[in-house]
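Student: generate a structure from the sequence data that follows.
(one chain, ligands or ions: 2)
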Amino acid sequence: MRTLVTGAAGFLGSHLCDRLMKEGHEVIGMDNFITGRPENLAHLENQDRFTFIRHDVSDFIDIPEGGVDAVMHFASPASPNPNSPFGYVNLPIQTMKAGALGTLNSLGVARAYSARFLLASTSEIYGDPQVHPQPESYWGHVNPIGERSVYDEAKRFAEALTLAYHRYHGIDTRIVRIFNTYGPRMRQDDGRAVPNFIQQALAGKPLTIFGDGSQTRSFCYVDDLIEGIYRLLLSDEHRPVNIGNPDEMTILELAKTINKLLKNPAEVVVMPDKRGEGDPQRRRPDITRAQKVLSWKPTIGLEEGLQKTLPYFQENT
Ligand code: NAD
Ligand code: UDP
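Tutor: Ligands and ions are numbered 1, 2, ... in the order given. The predicted structure follows:
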């Protein structure tokens, strides 16, 4: 299979390229480096089956001779942190363009070559959820003009467009709703909770808790997520599928786990004003569908996943 991965130089995109290469695909990686980095793909540069194209997916996408069999659209800023230059709140137009025009152009490629298409969607389409845990049947609770709407609404539009291409043009589409995922190659400075906390603990500084730390998340290790996504690509499932780890914890618990692992005596500092507008209070995936249709469930617990993640941050700080 020849597969186009947009957002290939990002955290998830680069791990996805690794998996596809391992499975024998010919991979075309595409990225404009707005939040990703060439280092994430450096190890693939000289491999025969890998090609990189520097390109903004919001513009028309040209595919090298030979076409593609699959398109996996991962290009989008992904961090909600307004305190980071890489947070989507600070890249609002680029984020909406990647979700809207980027999805349109990627679907156009899939249509031109009769390729299958997989959209990287997100738990953010559920907004600040009023149903808990979140099954795929939940329509969500999103403020269409809130700070996070540039991301949430772009992804909701992307899902609608994907289904429109499926229903109207008969494109063989898939949608994965990704819940919080962490691992090596996350940007140290994109402001998400796991990289922020690891960086702070490594420096012996207090971990910054936004709000009172009672908000919950469920963290999935990247290898588990990529396994679920690869199974979805090979499946015939056209409905959205949640992929994430249902092990829910408060942000304060996450911080304490990281401090304990890294023996950081500095503990935490509570910053009530730093919590972004619309920051969901609770989040946990209902993974019944993934279990049924993909026979998938996560296998790596938080402490094991953090142990696998730490060396990257130790080497790249
Ligand atoms: P990331 O920022 O590390 O990767 C995104 C990549 O997309 C970057 O390399 C960036 O340069 C590239 N990109 C952005 N806009 C582009 C454009 N217009 N043209 C070309 N490239 C562009 O983030 P990530 O965590 O790897 O997220 C990847 C995808 O997964 C995103 O679509 C995100 O919405 C989705 N997602 C991630 C998570 C998570 O927990 N990591 C959760 C939900 C959804
Ligand atoms: N958070 C925090 N301190 C940080 C970074 C994030 O308390 O230094 C909180 C953030 O407010 C949110 C949660 O951790 O409630 C998860 O944030 P993240 O940016 O990882 O992603 P989100 O799940 O909000 O998309």
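Student: what does the stretch 151-300 of the chain put close to ligand 1?
Tutor: If contact is defined as C-beta under 6 Å from any ligand atom, the residues of the stretch 151-300 of the chain in contact with ligand 1 are Ile178, Asn180, Thr181, Arg187. From N, CA and C alone the C-beta is placed, and that goes for glycine too.
Student: pick the one among the residues you listed closest to Lys260.
Tutor: Proximity of these to Lys260, judged by C-beta to C-beta, is greatest for Asn180, which lies at 19.7 Å.
Student: the closest one against Ser123, yeah?
Tutor: Yes: in this structure, Asn180 is within contact of Ser123 by C-beta atoms under 8 Å, at 7.3 Å.
Student: neighbour count winner among those two?
Tutor: Ser123 (24 against 20; other C-beta atoms under 10 Å).
Student: and the residues of the stretch 151-300 of the chain next to ligand 1, which of them are in helices?
Tutor: Where those are compared with helices, as defined by DSSP state H, there is no overlap at all.
Student: out of those residues, which comes closest to ligand 2?
Tutor: Ligand 2 lies nearest to Asn180 out of these, by C-beta to the nearest ligand atom, at 4.9 Å.
Student: before we move on, back to that, need the residues touching each of Asn180 and Ser123.
Tutor: Residues touching both Asn180 and Ser123 (C-beta atoms under 8 Å, 6 or more residues apart in numbering) are Gly244, Arg283.
Student: give me the nearest residue to Glu248, chain neighbours excluded.
Tutor: Beyond its immediate neighbours in the sequence, the residue positioned closest to Glu248 (C-beta to C-beta, 6 or more residues apart in numbering) is Arg284, lying 4.2 Å away.
Student: how about the one you found, what does it touch?
Tutor: So Arg284 contacts His132, Pro133, Gln134, Phe179, Thr216, Ser218, Gly244, Pro246, Glu248 (C-beta under 8 Å, 6+ apart).
Student: how about those in CSV, adding distance to ligand 2, secondary structure and pLDDT?
Tutor: Conversion of these to CSV gives the following (distance: C-beta to the nearest ligand atom, whole Å; DSSP: H, G, I helix; E, B strand; the rest coil; pLDDT from 0 to 100):
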residue, distance to ligand 2, secondary structure, pLDDT
His132, 15, coil, 97
Pro133, 14, coil, 98
Gln134, 13, strand, 98
Phe179, 8, coil, 98
Thr216, 9, strand, 98
Ser218, 9, strand, 97
Gly244, 11, coil, 98
Pro246, 15, coil, 98
Glu248, 12, strand, 98
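Student: looking at those residues, spot the one nearest ligand 1.
Tutor: Closest approach between the contacts of Arg284 and ligand 1, by C-beta to the nearest ligand atom: Phe179, at 6.5 Å.
Student: give the contact list for that closest one.
Tutor: Under the criterion of C-beta under 8 Å, 6+ apart, the contact partners of Phe179 comprise Ser123, Arg217, Ser218, Cys220, Asn242, Ile243, Gly244, Asn245, Arg283, Arg284, Pro285.
Student: list the contacts of the second one.
Tutor: Residues near Arg217 by C-beta under 8 Å, 6+ apart: Phe179, Asn180, Ala193, Glu248, Met249, Ile251, Leu254, Arg283.
Student: at 6 Å instead, please
Tutor: Arg217 makes contact with Asn180, Arg283 under the criterion C-beta atoms under 6 Å, 6 or more residues apart in numbering.
Student: and what about it, helix, strand or coil?
Tutor: Judged by DSSP: H, G, I helix; E, B strand; the rest coil, the three-state class of Arg217 is strand.
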